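Asker: Test case, fold it:
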Amino acid sequence: MGEKEIEKGDSSSGDSARPWQSYHTVYTNAKPGMDGVDKEKVQRIVYEMSKGSKYFENEQRKEAFTRQKIESMRAQCAKLTAADISHYQTMANKQISELEGTRDLSRVWLHVDMDAFYAAVETLSNPLLKGKPMAVGSMSMISTANYEARRFGVRAAMPGFIARKLCPELIFVPTDFKKYTYFSDLTRKVFHKYDPNFMATSLDEAFLDITDICKERVINSGEIAEELRTTVYEETGLTCSAGVGPNRLLAKVCSDINKPNGQFVLPNDWMAVMTFISSLPIRKIGGIGKVTEHILRDVFGINTCEDMLQKGGFVCALFSHSTAEFFLSVGLGLGKTDTPQVKLRKSISNERTFAATGDEALLHQKLCDLADMLSADMQKEGLSGRTLTLKLKTSSFEVRTRAMTLQQYICSSEDILKYASNLLKAELPVSLRLIGLRLSQFNEDKVGAPSDTTQKTLTDFLLSRDTSRKLGGRNGSLGAIIDDHRFMNDTETDFPIDSHEIYGYNGKDLLDSNHLPYLNDNNHAISNKAGEMGKIHEPLNNETANETNLPEPKSHQNAVSELLEADSSSVPFTCSSLDEENKRANLLDDEAVSTSNQSELLMWVNDYKCSLCGIELPPSFVEERQEHFDFHLAERLQKEESLYDTRTIKQRHRFSQKDNVASQSKRKKQKTCPKDKGRIPIDAFFVKSSKNF
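Answerer: Below you'll find the model as predicted:
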């Protein structure tokens, strides 16, 4: 790739006289009903209204990190020789050929999406709102905006005060989840008639496999989509849009084409699929958000799905195997076609966003409300849990999680509130804008119970990532840290699912640093301090938000020196007692620690990437870097301690057996030792001596 293509992306970075042009936010992204919006006007107002706020500072910090990623990847591109590019292009061609062999055009998938669901339900309840710009939410945060409001640039996940600036006549309606759940249940009864195994991805979205019903009734997929939409309207009074395609990824894209109250059918034909996908903007694909779009455009010049294939060599060179595979699959229009396996629920959670406050009484009331909601959800499912997790987002958008595992299972609001209050009390005083509660480790998670076969252990995760890095000699920079964690989170989503099962990386931006998982170990991990714009219904099931409460961090050099202070290379191992043998075991352990840490010492490669796990943190992230090192240190010490305990127990057992054998052997020798015939007994000696006198 030439320098002209690389510099091409810079032209859109903005003019210094118009700083808002370089202020990238999600608010200017095209959503259904926002096609004619003046994006520059929206961007300018968002910039002016946000400037100086904690959110603005956090967004600038994330933007700087993204720019650093882009510069780093450009530098890697510049280092590629012609031979390297040819090598990686060969790899890409081979991978494309293999992926093409997996194409399945035998199934017909339908994705149905309710139109502005929350807003539509509120309009149905109050007809006076019809035709007026309206948003569900508050001045603090908007959950959904109707199509009249979207024409002004108002959209979900936007602060209400900014929305009011864009649309002075905007009407706010508070959220009512009982009402939304009721109407969602009505729609699901309709979905069940067409596909008993339909996938509900949120309150207002679902995937249906309509292959069999099309064959049974001898009608085409378009007629089924039309019939389903009509039935939904008759049963609920709400409209929905539908998309039909040969896989779930394409069906999802198709459902957005003719919104609201429309449908689009993509035939199960290879040529039709390739023609459709060739000019499709990459941003239309689930999992490719503003950060990934920015990186792919500014580093590689990739704007459409077809560009993914044309730049396949560079994609394979700079991303891990799994990430490159996803991007190439997007270029081919491939997606999941099999029926997803039912997975056991691992946790239940609730969280709410509100205006930032440090009022302890108000925070306690929010906690009470969440405890009641969580308890109701637990009792509805007939579950009890042992691990309670508290999630907090501060006014500066710092995300904290605190967890405790109890001796007994709990599900009552009183018990939940009691333990949650203790967790919150340890954080006070603090100014918060989000509180969440999660219960996990359910009473049905017993030995012998079926487990989720797709859930990876920490060891499996590390091994799979190491393997990905070694494949094809890739640099494995950004993609390596996101291959095994995929999440879905939409503003109107209450039911989190495994997005990889649907269409790759649904909802979350693939390369957004705010969603890159850190290592997990028994509910302990380092949280992403950058955080993101709080969403009213952002699920708390994202396990990567956990944060360990480590001791006061030591300096990097001191911590490493403690690990390396024992050098046993010149110690003679001659042991004659259990204590000495234990000392030897200690020295062996110290030697193991020294060796492993010398070979796997945490360093920041190119001054931004962790040498142990690949996490990218720029030099300005001082606290995050220290916490990340502390996590690796704690993990290593815990591992070494467990190895030492196991070794000591075995050694003590072995040497106790040796002592028993030695003592028995000694007693036998004392009994059976023959007397020396040349030695005179003491009494005979005195008798003989007296005769001499």
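
Asker: So residue 257: helix, strand or coil?
Answerer: coil (DSSP: H, G, I helix; E, B strand; the rest coil).

Asker: residues touching it, list them.
Answerer: 243, 264 (Cβ atoms under 8 Å, 6 or more residues apart in numbering). Just so you know, the C-beta spots here come from the backbone N, C-alpha and C atoms, and that holds for glycine as well.

Asker: and it, what are its phi and psi?
Answerer: Main-chain torsions, residue 257, degrees, to the nearest 10: phi -70, psi -40.

Asker: so what are the domain limits for the chain?
Answerer: The chain resolves into domains spanning 1-51+133-168, 109-132+169-268, 347-442, 458-649 when parsed by automatic domain parsing.

Asker: Lowest average pLDDT across those?
Answerer: When the domains of the chain are compared by mean pLDDT, domain 458-649 comes last with a mean of 47.

Asker: What segments of the stretch 51-200 of the chain are strands?
Answerer: For the stretch 51-200 of the chain, the strands defined by DSSP state E, counting those that start in this stretch cover 109-114, 134-137, 142-145, 171-173, 199-200.

Asker: so which of these comes closest to residue 249?
Answerer: strand 109-114 (9.0 Å; Cβ to Cβ).

Asker: Now stretch 74-85 - C-alpha only, PDB.
Answerer: As requested, the backbone C-alpha atoms of stretch 74-85 are provided in PDB (Å, rounded to 0.1, in the frame of the first residue of the first chain):
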ATOM      1  CA  ARG A  74       1.000   2.600   9.800                       C
ATOM      2  CA  ALA A  75       4.500   2.100  11.000                       C
ATOM      3  CA  GLN A  76       4.100  -1.600  10.800                       C
ATOM      4  CA  CYS A  77       2.700  -1.300   7.300                       C
ATOM      5  CA  ALA A  78       5.700   0.800   6.300                       C
ATOM      6  CA  LYS A  79       8.100  -2.000   7.500                       C
ATOM      7  CA  LEU A  80       6.500  -4.600   5.200                       C
ATOM      8  CA  THR A  81       8.700  -5.500   2.300                       C
ATOM      9  CA  ALA A  82       7.400  -6.600  -1.100                       C
ATOM     10  CA  ALA A  83       8.300 -10.200  -0.100                       C
ATOM     11  CA  ASP A  84       6.300  -9.800   3.100                       C
ATOM     12  CA  ILE A  85       3.300  -8.400   1.300                       C
END
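
Asker: Return the set of buried residues in it.
Answerer: By 16 or more other Cβ atoms under 10 Å, the buried positions in stretch 74-85 come out as 74, 76, 77, 80.

Asker: if I look at the third one, how far off is residue 92?
Answerer: When Cβ to Cβ, to the nearest Å is the yardstick, residue 77 and residue 92 sit 15 Å from each other.

Asker: Please identify which of the buried residues of stretch 74-85 is nearest to residue 352.
Answerer: residue 74 (41.0 Å).

Asker: what's the distance between that closest one and residue 203?
Answerer: Taken as Cβ to Cβ, the span from residue 74 to residue 203 is 42 Å.

Asker: Now residue 439: which helix or strand?
Answerer: Secondary structure assigned from DSSP states H and E places residue 439 in strand 432-442.
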